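Asks: Sequence first, then the predicted structure, then my questions.
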Number of protein chains: 2
Amino acid sequence: MVPRKIGDDMLLDRITEIFRAHGYEGASLSRITEATGLQRASLYHRFPGGKAEMVAAVLERTGEWLGANVLGPLCQSGPPRERVERMCERLKEFYSDGGHSCLLDTLSLGDEGSELRASIEAAMTAWFDALSKVARDAGYKRGEARRRAEDAMVLIQGALVVTRATGNRKPFARALDRLPGVLT
Amino acid sequence: MVPRKIGDDMLLDRITEIFRAHGYEGASLSRITEATGLQRASLYHRFPGGKAEMVAAVLERTGEWLGANVLGPLCQSGPPRERVERMCERLKEFYSDGGHSCLLDTLSLGDEGSELRASIEAAMTAWFDALSKVARDAGYKRGEARRRAEDAMVLIQGALVVTRATGNRKPFARALDRLPGVLT
DNA sequence: GTCTATAGCTTGATAGAC
DNA sequence: GTCTATCAAGCTATAGAC
């Protein structure tokens, strides 16, 4: 028996980083090999389905993390504003102050009609619903709450793109500051 | 003499589409060959520098189009609100109602320290400056004008990402509707 | 200016030893 | 469970005919 060089958690962390930074086509096995320390054949032992299985695992795991650490706090009890502020703290670390990209952005490139699209849409919808709910709890009617949830998603994604494209992290920081005002 | 199968303008149009849809790594010569009708060797005759020269040409040309059709109208005379509305009309067609992505987004993936970064940053800055100027013309002081210019860029880029990730073009349409209010 | 043919490298994926 | 070695297919790029 040969011991594992790297645990499932850390392995998926490293692979997730690659997909976030390079997108699906740019996430080559060479880059993943370099980032994880595992050779090609070892990666196929952990993910027999290859890249497709890797990205599916990455999306599922990230969705779970998002549900537990972002959407969860958003739907708990307590004042809506405090719930949103808690989400912002989690987002700040999740995106490393804007230094990391969002999988929903990088994986939605040139991906017509694949199974990824379904997962991405589902993740977007789950996030949107949670934001919508907190806006309703803050007193907005359904239509206005949905608009503000959409504004919040646009704000987050836009700030990440502008931050990445300019190399300046301030837009992301300012977006997080503005989020509570958008949703409550 | 063999006649050109495709003019420079249309050729660059087609190549630009590929880079917008797939990013740099996803824009393979096979896809470009298919989209342009030119074989590999013919592409290298038009762009001796290969993919690097293609993407540089795409960025330069798109920057010129942006300057003439988006930033130009923004800096002309006339009421600021009308100038912004004119920009929104151009953006609507440029992004095909949200159906096309922004090069500043798709080309900024996994592109640490390349020459592309410089071009992307420069394009972002030019756009930001033009938006900033129109906000000042609308009566905002310098700091507030810069904040609103940043909000506008975040709004546009975020709406494009959300629209692409959800497959629903309404967020982009609503973003364009909100732009005049953000800048004036 | 376009093409076919080809070189050489990288990709995703597999076989089999330890 | 990891590894080296290997495969076919894809990639960027080039040579040379027309």
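Replies: Looks like it arrived, so ask away.
Asks: which parts of the helix or strand bottoming out on mean pLDDT in chain A are buried?
Replies: Of the helices and strands making up chain A, the lowest-confidence element is helix A:72-75, at a mean of 90, by mean pLDDT, DSSP states H and E. Applying a neighbour-count criterion of 16 or more other Cβ atoms under 10 Å in any protein chain shown, one finds A:73-74 buried in helix A:72-75. Every residue, glycine included, has its C-beta placed from N, CA and C.
Asks: Quick one: distance of that helix to the chain centre.
Replies: Remark: helix A:72-75 is offset 16 Å from the chain centroid, using Cα atoms, centre = their mean, to the nearest Å.
Asks: Report the next helix or strand after it in sequence order.
Replies: The first helix or strand that comes after helix A:72-75 along the chain, using DSSP states H and E, is helix A:80-94.
Asks: Now do that following helix: which elements does it pack against?
Replies: Secondary-structure packing of helix A:80-94 (3 or more Cβ pairs under 8 Å, 6 or more residues apart in numbering or on different chains; DSSP states H and E): helix A:72-75, helix A:115-137, helix A:170-183.
Asks: and those as CSV, adding distance to A:Ala159?
Replies: CSV is the format used below for the helices and strands packed on helix A:80-94 (distance: least, Cβ to Cβ, whole Å):
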stretch, distance to A:Ala159
helix A:72-75, 18
helix A:115-137, 15
helix A:170-183, 3
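Asks: nearest to B:Ser96, of those helices?
Replies: Distance to B:Ser96, taken as Cβ to Cβ, is lowest for helix A:115-137 among the helices and strands packed on helix A:80-94, at 18.5 Å.
Asks: ok, and what's touching that closest one?
Replies: When contacts are taken as Cβ atoms under 8 Å, 6 or more residues apart in numbering or on different chains, the neighbours of helix A:115-137 outside the stretch itself are A:24, A:55-56, A:59-60, A:62-63, A:66-67, A:70-71, A:74-75, A:80, A:83-84, A:103-104, A:107-108, A:111, A:142, A:144-146, A:148-150, A:152-153, A:183-184, B:162, B:165-167.
Asks: one more time with 7 Å
Replies: Here helix A:115-137 makes contact (Cβ atoms under 7 Å, 6 or more residues apart in numbering or on different chains) with A:55, A:59, A:63, A:66, A:71, A:74-75, A:80, A:83-84, A:104, A:107-108, A:111, A:142, A:145-146, A:148-150, A:152-153, A:183, B:165-167.
Asks: So which bits of it are buried?
Replies: Of all the residues in helix A:115-137, those buried under the rule 16+ other Cβ under 10 Å are A:116-117, A:119-121, A:123-124, A:127-128, A:130-137.
Asks: ok, now how distant is the residue in chain A that chain B sits nearest to from DNA strand D?
Replies: Sorted by distance to chain B under Cβ to the nearest Cβ, the residues of chain A start with A:Gly158, at 2.4 Å. A:Gly158 sits 29 Å away from DNA strand D, going by Cβ to the nearest atom of the strand, to the nearest Å.
Asks: Would you tell me which helix is longest in chain A?
Replies: Among the elements of type helix in chain A, defined by DSSP state H, the one spanning the most residues is helix A:142-166.
Asks: distance between that helix and the chain's centre?
Replies: Helix A:142-166 sits 13 Å away from the centroid of its parent chain (Cα atoms, centre = their mean).
Asks: Report pLDDT for A:Asp105.
Replies: At A:Asp105 the predicted local confidence, pLDDT, stands at 98.
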